[in-house]
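Asks: output the structure for:
(one chain, ligands or ions: 1)
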Amino acid sequence: MSRSKDPKTTIVGAGIVGICTALALVKEGVEVRLIDRDEPGQGASYGNAGVISPWSVVPQSVPGAWRNIPGWLLKEDGPLFIRPSYFPRLFPWTWTFLKQGKIRRVREVSDAMETLNQNNIALYRKLLAGTGFEGLIKDSYYVHAFRNPDAADIDAIDYALKREKGATIERIDGAELRQLEPALSLDFKTAIVTKGQARSLEPGKIGQVLFQKFTALGGEFLHADVTQIKPDESGEWTVETSEGVYKAPKIVLAAGAWSGMLLAPLGVKVPLEAERGYHVEFPDAGVRLNNSVMDMDLKCVASSMNAGLRIAGTAEFAGLDAPPNQKRIDMLMSCAKRIMPDIKLEGVKSWSGVRPSSPDSLPFLGEVPSYKGLFAAFGHSHYGLMMAPKTGEVVTDMLLNRPVNADYSPFQVNRFTT
Ligand SMILES: Cc1cc2nc3c(=O)[nH]c(=O)nc-3n(C[C@H](O)[C@H](O)[C@H](O)COP(=O)(O)OP(=O)(O)OC[C@H]3O[C@@H](n4cnc5c(N)ncnc54)[C@H](O)[C@@H]3O)c2cc1C
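Replies: Down below sits the predicted model:
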(Lines give C-alpha, C1' and ligand atoms only; values in the text may rest on other atoms or scores of the structure.)
Protein backbone atom coordinates (compact mmCIF):
# COMPACT_ATOMS: atom_id res chain seq x y z
CA MET A 1 0.00 0.00 0.00
CA SER A 2 1.38 3.39 -0.93
CA ARG A 3 2.54 5.54 1.97
CA SER A 4 3.17 8.69 -0.02
CA LYS A 5 3.19 11.98 1.82
CA ASP A 6 1.53 13.77 -1.13
CA PRO A 7 -1.43 15.86 -0.09
CA LYS A 8 -4.60 13.79 -0.10
CA THR A 9 -7.97 14.37 1.47
CA THR A 10 -7.45 12.79 4.84
CA ILE A 11 -10.05 11.02 6.94
CA VAL A 12 -9.22 10.52 10.59
CA GLY A 13 -10.97 7.43 11.92
CA ALA A 14 -11.82 4.19 10.13
CA GLY A 15 -14.97 3.27 12.01
CA ILE A 16 -18.07 2.68 9.89
CA VAL A 17 -18.56 6.45 9.43
CA GLY A 18 -15.00 7.07 8.23
CA ILE A 19 -15.10 4.02 5.97
CA CYS A 20 -18.43 4.92 4.32
CA THR A 21 -17.21 8.50 3.83
CA ALA A 22 -13.90 7.30 2.38
CA LEU A 23 -15.73 5.03 -0.02
CA ALA A 24 -18.14 7.75 -1.13
CA LEU A 25 -15.26 10.16 -1.78
CA VAL A 26 -13.01 7.73 -3.61
CA LYS A 27 -15.93 6.81 -5.89
CA GLU A 28 -16.03 10.47 -6.90
CA GLY A 29 -12.37 10.33 -7.88
CA VAL A 30 -11.10 12.09 -4.76
CA GLU A 31 -7.69 10.86 -3.57
CA VAL A 32 -8.21 9.73 0.00
CA ARG A 33 -5.95 8.73 2.85
CA LEU A 34 -7.83 7.03 5.70
CA ILE A 35 -6.01 6.93 9.03
CA ASP A 36 -6.71 4.83 12.11
CA ARG A 37 -4.60 3.64 15.00
CA ASP A 38 -6.69 0.47 15.12
CA GLU A 39 -7.79 -1.96 12.42
CA PRO A 40 -10.62 -0.61 10.21
CA GLY A 41 -14.17 -1.29 11.34
CA GLN A 42 -13.41 -1.63 15.04
CA GLY A 43 -14.39 0.96 17.68
CA ALA A 44 -18.10 1.26 18.41
CA SER A 45 -18.66 0.08 14.85
CA TYR A 46 -17.62 -3.44 15.78
CA GLY A 47 -19.68 -4.17 18.85
CA ASN A 48 -23.07 -2.58 18.28
CA ALA A 49 -26.47 -4.27 18.19
CA GLY A 50 -26.64 -4.33 14.40
CA VAL A 51 -30.02 -2.60 14.08
CA ILE A 52 -30.52 -0.89 10.71
CA SER A 53 -33.82 0.92 10.61
CA PRO A 54 -35.24 3.48 8.21
CA TRP A 55 -37.70 4.17 11.05
CA SER A 56 -35.09 5.16 13.59
CA VAL A 57 -36.45 8.69 13.84
CA VAL A 58 -36.77 9.02 17.61
CA PRO A 59 -33.99 10.77 19.52
CA GLN A 60 -32.84 9.72 22.98
CA SER A 61 -34.24 12.86 24.58
CA VAL A 62 -38.03 12.82 24.28
CA PRO A 63 -40.71 14.51 26.41
CA GLY A 64 -40.71 13.00 29.89
CA ALA A 65 -37.42 11.10 29.38
CA TRP A 66 -36.05 12.78 32.49
CA ARG A 67 -38.64 10.97 34.64
CA ASN A 68 -36.91 7.62 34.08
CA ILE A 69 -33.41 8.83 34.89
CA PRO A 70 -33.48 8.83 38.75
CA GLY A 71 -35.03 5.34 38.85
CA TRP A 72 -32.49 3.97 36.38
CA LEU A 73 -29.59 5.50 38.29
CA LEU A 74 -30.75 4.01 41.56
CA LYS A 75 -30.93 0.48 40.17
CA GLU A 76 -27.67 -1.51 40.24
CA ASP A 77 -28.77 -3.32 37.09
CA GLY A 78 -30.42 -0.31 35.44
CA PRO A 79 -29.71 0.59 31.82
CA LEU A 80 -27.97 3.86 32.78
CA PHE A 81 -24.86 4.38 34.89
CA ILE A 82 -23.02 7.62 35.64
CA ARG A 83 -19.73 7.38 37.52
CA PRO A 84 -20.33 9.59 40.58
CA SER A 85 -17.05 11.53 40.12
CA TYR A 86 -18.09 12.26 36.52
CA PHE A 87 -21.41 13.95 37.40
CA PRO A 88 -20.04 17.53 37.49
CA ARG A 89 -18.35 17.19 34.07
CA LEU A 90 -21.44 15.62 32.57
CA PHE A 91 -23.84 18.21 33.88
CA PRO A 92 -23.71 20.73 30.95
CA TRP A 93 -24.18 17.95 28.41
CA THR A 94 -27.07 16.48 30.41
CA TRP A 95 -28.72 19.86 30.72
CA THR A 96 -28.51 20.37 26.96
CA PHE A 97 -29.76 16.80 26.43
CA LEU A 98 -32.82 17.39 28.59
CA LYS A 99 -33.59 20.68 26.82
CA GLN A 100 -33.93 18.76 23.52
CA GLY A 101 -36.88 16.81 24.91
CA LYS A 102 -39.54 19.33 23.91
CA ILE A 103 -42.01 18.13 21.34
CA ARG A 104 -41.20 20.82 18.75
CA ARG A 105 -37.48 20.12 18.97
CA VAL A 106 -38.07 16.36 18.93
CA ARG A 107 -39.97 16.74 15.66
CA GLU A 108 -37.13 18.78 14.12
CA VAL A 109 -34.58 16.18 15.19
CA SER A 110 -36.82 13.38 13.97
CA ASP A 111 -36.93 14.92 10.48
CA ALA A 112 -33.15 15.23 10.47
CA MET A 113 -32.78 11.62 11.58
CA GLU A 114 -35.03 10.64 8.71
CA THR A 115 -32.70 12.45 6.28
CA LEU A 116 -29.88 10.12 7.32
CA ASN A 117 -31.85 6.93 7.85
CA GLN A 118 -34.63 6.81 5.30
CA ASN A 119 -32.82 4.71 2.69
CA ASN A 120 -30.24 3.05 4.91
CA ILE A 121 -31.09 -0.56 4.02
CA ALA A 122 -31.03 0.11 0.29
CA LEU A 123 -27.80 2.10 0.62
CA TYR A 124 -26.07 -0.73 2.47
CA ARG A 125 -27.30 -3.25 -0.09
CA LYS A 126 -25.87 -1.05 -2.85
CA LEU A 127 -22.53 -0.69 -1.08
CA LEU A 128 -22.28 -4.44 -0.46
CA ALA A 129 -23.46 -5.47 -3.95
CA GLY A 130 -20.81 -7.49 -5.76
CA THR A 131 -18.58 -7.94 -2.71
CA GLY A 132 -19.74 -11.48 -2.01
CA PHE A 133 -20.90 -10.34 1.42
CA GLU A 134 -24.40 -9.17 0.53
CA GLY A 135 -25.75 -11.53 3.23
CA LEU A 136 -24.32 -9.40 6.03
CA ILE A 137 -27.60 -7.47 5.99
CA LYS A 138 -30.81 -9.38 6.66
CA ASP A 139 -34.42 -8.18 6.53
CA SER A 140 -35.83 -8.01 10.02
CA TYR A 141 -38.53 -6.75 12.31
CA TYR A 142 -37.78 -4.80 15.45
CA VAL A 143 -39.56 -6.58 18.30
CA HIS A 144 -40.04 -4.47 21.40
CA ALA A 145 -40.92 -7.02 24.07
CA PHE A 146 -42.80 -6.03 27.24
CA ARG A 147 -43.47 -7.96 30.46
CA ASN A 148 -46.22 -5.57 31.47
CA PRO A 149 -48.88 -5.26 28.72
CA ASP A 150 -49.98 -1.89 30.10
CA ALA A 151 -46.54 -0.47 29.30
CA ALA A 152 -46.90 -1.33 25.60
CA ASP A 153 -48.48 1.89 24.38
CA ILE A 154 -48.58 1.84 20.60
CA ASP A 155 -49.74 5.47 20.63
CA ALA A 156 -46.71 6.70 22.56
CA ILE A 157 -44.65 9.45 20.93
CA ASP A 158 -41.88 7.14 19.68
CA TYR A 159 -44.24 4.84 17.78
CA ALA A 160 -46.34 7.80 16.62
CA LEU A 161 -43.29 9.45 15.07
CA LYS A 162 -42.31 6.27 13.27
CA ARG A 163 -45.83 5.76 11.96
CA GLU A 164 -45.96 9.35 10.71
CA LYS A 165 -42.84 8.60 8.66
CA GLY A 166 -44.47 5.52 7.15
CA ALA A 167 -43.54 2.64 9.43
CA THR A 168 -45.87 -0.33 9.79
CA ILE A 169 -46.21 -1.06 13.49
CA GLU A 170 -48.31 -3.73 15.18
CA ARG A 171 -49.05 -4.69 18.76
CA ILE A 172 -49.10 -8.46 19.27
CA ASP A 173 -50.02 -10.60 22.27
CA GLY A 174 -47.92 -13.24 24.03
CA ALA A 175 -49.07 -16.11 21.82
CA GLU A 176 -48.21 -14.25 18.62
CA LEU A 177 -44.88 -13.23 20.12
CA ARG A 178 -44.09 -16.87 20.88
CA GLN A 179 -44.74 -17.74 17.22
CA LEU A 180 -42.43 -14.98 16.06
CA GLU A 181 -39.70 -15.61 18.63
CA PRO A 182 -40.07 -19.01 20.33
CA ALA A 183 -36.89 -18.55 22.39
CA LEU A 184 -38.21 -15.60 24.37
CA SER A 185 -39.20 -15.91 28.03
CA LEU A 186 -42.90 -16.50 28.80
CA ASP A 187 -42.62 -13.43 31.05
CA PHE A 188 -43.04 -11.29 27.95
CA LYS A 189 -46.77 -10.76 27.61
CA THR A 190 -46.91 -8.49 24.59
CA ALA A 191 -44.75 -6.81 21.96
CA ILE A 192 -44.79 -3.88 19.59
CA VAL A 193 -43.35 -4.89 16.26
CA THR A 194 -41.91 -2.49 13.71
CA LYS A 195 -41.69 -4.01 10.24
CA GLY A 196 -39.51 -3.16 7.26
CA GLN A 197 -36.16 -3.02 9.02
CA ALA A 198 -32.89 -4.89 8.68
CA ARG A 199 -30.14 -6.13 10.93
CA SER A 200 -26.48 -6.76 10.46
CA LEU A 201 -25.23 -10.26 11.09
CA GLU A 202 -21.70 -8.98 11.71
CA PRO A 203 -21.30 -5.21 12.06
CA GLY A 204 -17.49 -5.29 12.21
CA LYS A 205 -17.34 -7.36 9.03
CA ILE A 206 -19.41 -4.78 7.14
CA GLY A 207 -16.72 -2.22 7.97
CA GLN A 208 -13.96 -4.57 6.84
CA VAL A 209 -15.68 -5.45 3.55
CA LEU A 210 -16.37 -1.81 2.69
CA PHE A 211 -12.81 -0.92 3.68
CA GLN A 212 -11.50 -3.52 1.23
CA LYS A 213 -13.71 -2.02 -1.45
CA PHE A 214 -12.21 1.39 -0.66
CA THR A 215 -8.62 0.16 -1.05
CA ALA A 216 -9.56 -1.76 -4.21
CA LEU A 217 -10.72 1.58 -5.66
CA GLY A 218 -7.31 3.11 -4.91
CA GLY A 219 -7.87 4.46 -1.39
CA GLU A 220 -4.89 4.52 0.95
CA PHE A 221 -4.83 3.41 4.57
CA LEU A 222 -2.35 4.63 7.13
CA HIS A 223 -2.13 2.73 10.39
CA ALA A 224 -1.22 5.53 12.77
CA ASP A 225 -2.32 7.52 15.77
CA VAL A 226 -3.22 11.09 14.82
CA THR A 227 -1.83 13.33 17.54
CA GLN A 228 -2.71 16.74 16.14
CA ILE A 229 -4.34 18.46 13.19
CA LYS A 230 -3.58 22.10 12.43
CA PRO A 231 -4.01 24.55 9.58
CA ASP A 232 -0.91 26.05 8.01
CA GLU A 233 -0.36 29.41 6.31
CA SER A 234 -0.67 27.99 2.79
CA GLY A 235 -4.31 27.03 3.49
CA GLU A 236 -3.51 23.35 3.82
CA TRP A 237 -3.69 21.11 6.85
CA THR A 238 -0.90 19.42 8.73
CA VAL A 239 -1.68 16.02 10.18
CA GLU A 240 0.78 14.92 12.84
CA THR A 241 0.78 11.19 13.40
CA SER A 242 2.78 8.51 15.15
CA GLU A 243 4.08 7.59 11.66
CA GLY A 244 5.14 11.05 10.54
CA VAL A 245 3.72 14.37 9.43
CA TYR A 246 1.35 14.53 6.47
CA LYS A 247 -0.18 17.33 4.46
CA ALA A 248 -3.83 17.42 3.46
CA PRO A 249 -5.91 19.93 1.48
CA LYS A 250 -8.97 18.80 3.40
CA ILE A 251 -9.61 16.73 6.50
CA VAL A 252 -12.69 14.76 7.51
CA LEU A 253 -12.77 14.17 11.24
CA ALA A 254 -14.53 10.83 11.77
CA ALA A 255 -12.82 9.78 14.97
CA GLY A 256 -16.02 8.86 16.81
CA ALA A 257 -15.99 9.71 20.51
CA TRP A 258 -12.37 10.91 20.25
CA SER A 259 -13.17 13.65 17.71
CA GLY A 260 -13.56 16.36 20.36
CA MET A 261 -10.02 15.74 21.57
CA LEU A 262 -8.59 16.65 18.17
CA LEU A 263 -10.80 19.75 17.91
CA ALA A 264 -10.09 21.12 21.39
CA PRO A 265 -6.56 22.44 20.59
CA LEU A 266 -8.16 24.46 17.74
CA GLY A 267 -10.46 26.12 20.26
CA VAL A 268 -13.52 24.30 18.91
CA LYS A 269 -15.80 22.91 21.57
CA VAL A 270 -18.59 20.48 20.77
CA PRO A 271 -20.90 18.79 23.26
CA LEU A 272 -19.76 15.24 22.58
CA GLU A 273 -19.79 12.56 25.25
CA ALA A 274 -18.33 9.08 25.31
CA GLU A 275 -21.32 6.88 26.10
CA ARG A 276 -19.95 3.44 26.83
CA GLY A 277 -21.98 0.45 25.78
CA TYR A 278 -21.34 -3.25 26.18
CA HIS A 279 -22.19 -6.53 24.59
CA VAL A 280 -22.03 -10.16 25.57
CA GLU A 281 -21.97 -12.75 22.81
CA PHE A 282 -22.79 -16.44 23.24
CA PRO A 283 -21.18 -18.58 20.51
CA ASP A 284 -23.23 -21.70 21.32
CA ALA A 285 -26.36 -20.11 22.74
CA GLY A 286 -28.54 -23.11 21.85
CA VAL A 287 -31.38 -20.69 21.03
CA ARG A 288 -31.95 -18.34 18.10
CA LEU A 289 -33.78 -15.11 17.46
CA ASN A 290 -35.32 -14.32 14.10
CA ASN A 291 -35.30 -10.54 14.53
CA SER A 292 -33.74 -7.75 16.57
CA VAL A 293 -35.43 -7.93 19.96
CA MET A 294 -35.38 -5.17 22.54
CA ASP A 295 -36.19 -6.00 26.13
CA MET A 296 -38.16 -2.86 26.95
CA ASP A 297 -37.62 -3.22 30.71
CA LEU A 298 -33.89 -3.88 30.66
CA LYS A 299 -33.26 -1.74 27.55
CA CYS A 300 -30.92 -4.13 25.82
CA VAL A 301 -31.07 -5.50 22.30
CA ALA A 302 -30.62 -9.16 21.43
CA SER A 303 -29.86 -10.48 17.97
CA SER A 304 -28.54 -13.72 16.48
CA MET A 305 -25.39 -12.93 14.55
CA ASN A 306 -22.79 -14.95 12.66
CA ALA A 307 -20.59 -15.36 15.72
CA GLY A 308 -23.39 -16.13 18.14
CA LEU A 309 -26.25 -14.54 20.00
CA ARG A 310 -25.33 -10.97 20.94
CA ILE A 311 -26.97 -8.91 23.67
CA ALA A 312 -25.94 -5.26 23.52
CA GLY A 313 -26.83 -2.19 25.48
CA THR A 314 -26.34 -0.05 28.58
CA ALA A 315 -25.36 3.59 28.67
CA GLU A 316 -22.43 4.43 30.90
CA PHE A 317 -21.05 7.94 31.27
CA ALA A 318 -17.61 7.93 32.86
CA GLY A 319 -15.41 9.80 30.37
CA LEU A 320 -13.23 8.51 27.54
CA ASP A 321 -10.43 7.14 29.67
CA ALA A 322 -12.47 5.18 32.20
CA PRO A 323 -11.86 1.43 32.02
CA PRO A 324 -14.76 -0.93 31.24
CA ASN A 325 -16.96 -1.77 34.21
CA GLN A 326 -17.35 -5.50 34.94
CA LYS A 327 -20.67 -4.86 36.69
CA ARG A 328 -22.23 -3.79 33.39
CA ILE A 329 -21.11 -7.05 31.78
CA ASP A 330 -22.52 -9.05 34.70
CA MET A 331 -25.74 -7.12 34.28
CA LEU A 332 -25.97 -8.09 30.59
CA MET A 333 -25.27 -11.72 31.53
CA SER A 334 -28.23 -11.74 33.88
CA CYS A 335 -30.35 -10.04 31.19
CA ALA A 336 -29.54 -12.94 28.86
CA LYS A 337 -31.27 -15.47 31.15
CA ARG A 338 -34.20 -13.17 31.77
CA ILE A 339 -34.75 -12.72 28.04
CA MET A 340 -34.14 -16.33 26.98
CA PRO A 341 -34.23 -18.76 29.93
CA ASP A 342 -32.81 -21.63 27.84
CA ILE A 343 -29.76 -19.76 26.63
CA LYS A 344 -26.42 -21.50 27.23
CA LEU A 345 -23.95 -19.07 28.73
CA GLU A 346 -20.76 -21.07 28.11
CA GLY A 347 -17.98 -19.52 26.07
CA VAL A 348 -19.37 -16.01 26.41
CA LYS A 349 -17.28 -13.17 25.00
CA SER A 350 -17.72 -9.63 26.22
CA TRP A 351 -16.93 -6.30 24.59
CA SER A 352 -17.29 -2.62 25.33
CA GLY A 353 -16.94 0.50 23.24
CA VAL A 354 -17.95 4.14 23.26
CA ARG A 355 -20.79 5.74 21.35
CA PRO A 356 -19.97 9.28 20.19
CA SER A 357 -23.06 10.90 21.71
CA SER A 358 -24.45 14.36 21.09
CA PRO A 359 -27.21 15.89 23.23
CA ASP A 360 -29.75 15.85 20.38
CA SER A 361 -28.76 12.42 19.00
CA LEU A 362 -27.70 14.01 15.69
CA PRO A 363 -24.18 13.86 14.31
CA PHE A 364 -22.04 16.90 13.62
CA LEU A 365 -21.57 17.10 9.86
CA GLY A 366 -19.98 19.74 7.70
CA GLU A 367 -17.25 22.34 7.59
CA VAL A 368 -16.08 23.49 10.99
CA PRO A 369 -16.72 27.25 11.25
CA SER A 370 -13.51 29.34 10.90
CA TYR A 371 -11.56 26.28 9.75
CA LYS A 372 -11.75 26.00 5.98
CA GLY A 373 -11.17 22.49 4.73
CA LEU A 374 -11.91 20.79 8.05
CA PHE A 375 -15.10 18.71 7.93
CA ALA A 376 -16.86 17.05 10.84
CA ALA A 377 -18.37 13.55 10.52
CA PHE A 378 -18.86 12.39 14.09
CA GLY A 379 -21.40 12.26 16.90
CA HIS A 380 -23.73 9.56 15.56
CA SER A 381 -24.74 8.53 19.07
CA HIS A 382 -26.89 5.36 19.07
CA TYR A 383 -27.37 5.36 15.30
CA GLY A 384 -23.96 5.36 13.61
CA LEU A 385 -24.18 1.99 11.92
CA MET A 386 -27.47 2.83 10.25
CA MET A 387 -26.60 6.46 9.47
CA ALA A 388 -23.13 5.79 8.05
CA PRO A 389 -23.94 5.21 4.35
CA LYS A 390 -25.95 8.43 4.02
CA THR A 391 -23.38 10.31 6.11
CA GLY A 392 -20.77 9.34 3.53
CA GLU A 393 -22.93 10.84 0.78
CA VAL A 394 -23.77 13.99 2.76
CA VAL A 395 -20.14 14.70 3.67
CA THR A 396 -19.13 14.10 0.05
CA ASP A 397 -21.75 16.64 -1.08
CA MET A 398 -20.40 19.11 1.43
CA LEU A 399 -16.74 18.52 0.67
CA LEU A 400 -17.29 18.82 -3.09
CA ASN A 401 -19.52 21.84 -2.48
CA ARG A 402 -22.37 20.38 -4.48
CA PRO A 403 -25.77 22.03 -4.62
CA VAL A 404 -28.14 19.76 -2.70
CA ASN A 405 -31.83 19.43 -2.48
CA ALA A 406 -31.92 18.71 1.25
CA ASP A 407 -31.58 20.61 4.50
CA TYR A 408 -28.31 19.73 6.20
CA SER A 409 -28.48 22.62 8.70
CA PRO A 410 -29.61 20.41 11.65
CA PHE A 411 -26.14 18.84 11.59
CA GLN A 412 -24.15 22.10 11.83
CA VAL A 413 -21.12 21.85 14.07
CA ASN A 414 -21.94 25.09 15.91
CA ARG A 415 -25.67 24.44 16.43
CA PHE A 416 -25.31 24.49 20.22
CA THR A 417 -23.20 27.63 20.36
CA THR A 418 -25.03 30.00 17.99
C1 LIG B 1 -23.63 -1.26 22.66
C2 LIG B 1 -23.89 -0.44 21.42
C3 LIG B 1 -24.97 -0.75 20.61
C4 LIG B 1 -25.22 0.00 19.47
N5 LIG B 1 -26.21 -0.39 18.60
C6 LIG B 1 -26.38 0.25 17.42
C7 LIG B 1 -27.30 -0.24 16.47
O8 LIG B 1 -27.95 -1.26 16.67
N9 LIG B 1 -27.42 0.44 15.29
C10 LIG B 1 -26.70 1.58 15.03
O11 LIG B 1 -26.90 2.18 13.97
N12 LIG B 1 -25.80 2.05 15.92
C13 LIG B 1 -25.60 1.40 17.09
N14 LIG B 1 -24.67 1.84 17.99
C15 LIG B 1 -23.96 3.10 17.71
C16 LIG B 1 -22.88 2.91 16.67
O17 LIG B 1 -22.12 1.76 16.96
C18 LIG B 1 -21.97 4.15 16.64
O19 LIG B 1 -22.74 5.32 16.49
C20 LIG B 1 -21.00 4.08 15.46
O21 LIG B 1 -20.30 2.87 15.48
C22 LIG B 1 -20.04 5.25 15.46
O23 LIG B 1 -19.16 5.04 14.39
P24 LIG B 1 -17.89 5.95 14.19
O25 LIG B 1 -17.23 5.50 12.95
O26 LIG B 1 -18.29 7.38 14.31
O27 LIG B 1 -17.00 5.67 15.50
P28 LIG B 1 -16.08 4.42 15.87
O29 LIG B 1 -16.62 3.16 15.34
O30 LIG B 1 -15.82 4.49 17.33
O31 LIG B 1 -14.75 4.71 15.06
C32 LIG B 1 -13.87 5.75 15.39
C33 LIG B 1 -12.49 5.35 14.93
O34 LIG B 1 -11.61 6.47 15.08
C35 LIG B 1 -10.37 5.98 15.48
N36 LIG B 1 -9.62 7.06 16.13
C37 LIG B 1 -10.05 7.87 17.11
N38 LIG B 1 -9.12 8.79 17.42
C39 LIG B 1 -8.07 8.54 16.60
C40 LIG B 1 -6.79 9.15 16.46
N41 LIG B 1 -6.42 10.19 17.21
N42 LIG B 1 -5.94 8.64 15.55
C43 LIG B 1 -6.30 7.56 14.77
N44 LIG B 1 -7.50 6.96 14.87
C45 LIG B 1 -8.38 7.44 15.77
C46 LIG B 1 -10.70 4.84 16.44
O47 LIG B 1 -9.61 3.95 16.56
C48 LIG B 1 -11.91 4.22 15.75
O49 LIG B 1 -11.55 3.16 14.89
C50 LIG B 1 -24.40 1.12 19.15
C51 LIG B 1 -23.31 1.42 19.97
C52 LIG B 1 -23.03 0.63 21.08
C53 LIG B 1 -21.83 0.97 21.91
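
Asks: quick one, phi psi at the residue lying closest to Tyr124 once chain neighbours are set aside?
Replies: Counting by CB to CB, 6 or more residues apart in numbering, Ile137 is the residue found nearest to Tyr124 once chain neighbours are left out, at 5.1 Å. All C-beta spots, glycine's among them, are computed from the backbone N, C-alpha and C. Dihedral pair for Ile137: phi -110, psi 130, per degrees, to the nearest 10.

Asks: what's near enough to touch Ile137?
Replies: Ile52, Ile121, Tyr124, Arg125, Leu128, Ala198, Arg199, Ser200, Leu201, Ile206 (CB atoms under 8 Å, 6 or more residues apart in numbering).

Asks: dump those residues to a markdown table, plus pLDDT and secondary structure.
Replies: Below are the contacts of Ile137 laid out as a markdown table (pLDDT from 0 to 100; DSSP: H, G, I helix; E, B strand; the rest coil):
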| residue | pLDDT | secondary structure |
| --- | --- | --- |
| Ile52 | 98 | strand |
| Ile121 | 98 | helix |
| Tyr124 | 98 | helix |
| Arg125 | 98 | helix |
| Leu128 | 98 | helix |
| Ala198 | 98 | strand |
| Arg199 | 98 | strand |
| Ser200 | 98 | strand |
| Leu201 | 98 | coil |
| Ile206 | 98 | helix |
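
Asks: quick check on the residues you listed: which are buried?
Replies: Neighbour counting with 16 or more other CB atoms under 10 Å marks Ile52, Ile121, Tyr124, Leu128, Ala198, Arg199, Ser200, Leu201, Ile206 as buried within the contacts of Ile137.

Asks: between those, which is closest to Leu253?
Replies: Nearest to Leu253 among those: Ile206, at 21.6 Å, using CB to CB.

Asks: quick one: the helices in this protein?
Replies: Taking DSSP state H, the helices of the chain run over residues 16-27, 44-47, 68-74, 87-99, 103-117, 120-128, 157-164, 174-180, 203-216, 259-263, 326-339, 384-399.

Asks: so what's the residue count around the residue of the stretch 51-200 of the chain found nearest the ligand?
Replies: Among all residues of the stretch 51-200 of the chain, Val51 sits closest to the ligand, at 3.3 Å; criterion: CB to the nearest ligand atom. Counted by other CB atoms under 10 Å, the residues lying close to Val51 total 23.

Asks: and the spatially closest residue to it that is not a sequence neighbour, what does it touch?
Replies: Nearest residue to Val51 in three dimensions, chain neighbours excluded: Ser292, at 5.0 Å (CB to CB, 6+ apart). Counting by CB under 8 Å, 6+ apart, Ser292 touches Ala49, Gly50, Val51, Ser140, Tyr141, Tyr142, Val143, Gln197, Arg199, Val301, Ala302, Ser303.

Asks: make JSON lines from the buried ones among the contacts of Ile137 and add distance to Asp158 to it.
Replies: JSON lines is the format used below for those (distance: CB to CB, whole Å):
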{"residue": "Ile52", "distance to Asp158": "18"}
{"residue": "Ile121", "distance to Asp158": "20"}
{"residue": "Tyr124", "distance to Asp158": "23"}
{"residue": "Leu128", "distance to Asp158": "29"}
{"residue": "Ala198", "distance to Asp158": "19"}
{"residue": "Arg199", "distance to Asp158": "19"}
{"residue": "Ser200", "distance to Asp158": "22"}
{"residue": "Leu201", "distance to Asp158": "26"}
{"residue": "Ile206", "distance to Asp158": "26"}
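
Asks: kindly tell me how buried Ser185 is, as a neighbour count.
Replies: 16.

Asks: got the contact list for it?
Replies: With CB under 8 Å, 6+ apart, Ser185 has these contacts: Arg338, Ile339, Met340, Pro341.

Asks: can you rerun that using 6 Å?
Replies: With contact set as CB atoms under 6 Å, 6 or more residues apart in numbering, Ser185 has these partners: Pro341.

Asks: including distance to Asp187, could the contacts of Ser292 go into JSON lines?
Replies: Below are the contacts of Ser292 laid out as JSON lines (distance: CB to CB, whole Å):
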{"residue": "Ala49", "distance to Asp187": "21"}
{"residue": "Gly50", "distance to Asp187": "24"}
{"residue": "Val51", "distance to Asp187": "23"}
{"residue": "Ser140", "distance to Asp187": "23"}
{"residue": "Tyr141", "distance to Asp187": "20"}
{"residue": "Tyr142", "distance to Asp187": "19"}
{"residue": "Val143", "distance to Asp187": "14"}
{"residue": "Gln197", "distance to Asp187": "24"}
{"residue": "Arg199", "distance to Asp187": "23"}
{"residue": "Val301", "distance to Asp187": "17"}
{"residue": "Ala302", "distance to Asp187": "14"}
{"residue": "Ser303", "distance to Asp187": "19"}
